[in-house]
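A.B. asks: no FASTA, just this:
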């Protein structure tokens, strides 16, 4: 996970263009996003929706991880936890994450997310996904990073989920619970595109709300970066559940 300074302050908010009550697909330059607004309330998890946030807040083994950034140790501005199969270690910013054993609740959420995404990833989607669709027909994900943003000062800086452990064209699914937060994306060549008429295609801003499901696939992690920026507005807590597939487990 590599972090970069900001290239722009306020990308255009495309949330208003994602009007489908069920799903919307954005074909971006060198990447694909699939967005399922209010997914939780229409999924098999809907009976759990009223208590899901509180249960995760209580059950997850939260910690404020210390990482190495630009040669300095620092605690990340959010809480997190890594759950995965025993062999699925994960490393970023100099920190090795020892996988915690799956919580039954996270397994249930994973199954519901996979049920929704499987038709897209196996039967259609983009050419970039073909290899992954053929190699993961049953299990799409084998790991999850859970983040808790306690207020507007908790954030995650510009990065791509492009660690070697995730292989080529990794698929990342993100479920949002709790307060709304802005999810910003920019193409890695955005700075070279600002003089072109269509440069707005190279930056996107999506407001993620409680129960929204978002999928990044295709070349997104190789060609784009994303972040949850800090905000001075008064916002409540937010939990973000990001499912991935570890293909080449990290070594301590």
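C.D. replies: Structure's in. What do you need? The shown structure was predicted, so the numbers you read here are calculated from the model rather than taken from an experiment.

A.B. asks: now residue 44: closest residue in space that isn't a chain neighbour?
C.D. replies: residue 112 (4.9 Å; CB to CB, 6 or more residues apart in numbering). Bear in mind the C-beta positions are built from the backbone N, C-alpha and C, glycine included.

A.B. asks: other SSEs contacting the helix or strand hosting the one you found?
C.D. replies: Element membership for residue 112 (DSSP states H and E) is helix 104-118. Contacts defined by 3 or more CB pairs under 8 Å, 6 or more residues apart in numbering; DSSP states H and E place helix 104-118 against helix 49-59, strand 143-149, strand 172-178, strand 213-217, strand 238-244.

A.B. asks: so for residue 188, which of those sits nearest?
C.D. replies: strand 213-217 (13.9 Å; CB to CB).

A.B. asks: and the next helix or strand after the closest one, what's its mean pLDDT?
C.D. replies: Later in the chain than strand 213-217, the nearest helix or strand by DSSP H and E is helix 220-223. Helix 220-223 comes out with an average pLDDT of 91.

A.B. asks: show me where the stretch 1-150 of the chain has its strands.
C.D. replies: 24-28, 31-36, 66-69, 72-75, 79-84, 90-92, 95-97, 143-149 (DSSP state E, counting those that start in this stretch).

A.B. asks: want to throw those strands into TSV with distance to residue 58?
C.D. replies: What follows is the strands of the stretch 1-150 of the chain, written out as TSV (distance: least, CB to CB, whole Å):
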stretch	distance to residue 58
strand 24-28	33
strand 31-36	26
strand 66-69	24
strand 72-75	22
strand 79-84	13
strand 90-92	24
strand 95-97	21
strand 143-149	12
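
A.B. asks: where in the stretch 1-150 of the chain is pLDDT low?
C.D. replies: Along the stretch 1-150 of the chain, the model assigns pLDDT under 70 to residues 1-22, 123-138.

A.B. asks: the stretch 151-252 of the chain too?
C.D. replies: 191-199.

A.B. asks: hmm, back to that, with distance to residue 210 and mean neighbour count as extra columns, can I get the strands of the stretch 1-150 of the chain in a markdown table?
C.D. replies: Below are those laid out as a markdown table (distance: least, CB to CB, whole Å; neighbours: other CB atoms under 10 Å):
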| stretch | distance to residue 210 | mean neighbour count |
| --- | --- | --- |
| strand 24-28 | 18 | 15 |
| strand 31-36 | 13 | 22 |
| strand 66-69 | 28 | 13 |
| strand 72-75 | 27 | 10 |
| strand 79-84 | 18 | 21 |
| strand 90-92 | 27 | 19 |
| strand 95-97 | 26 | 16 |
| strand 143-149 | 13 | 23 |
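
A.B. asks: many thanks, have a good one.
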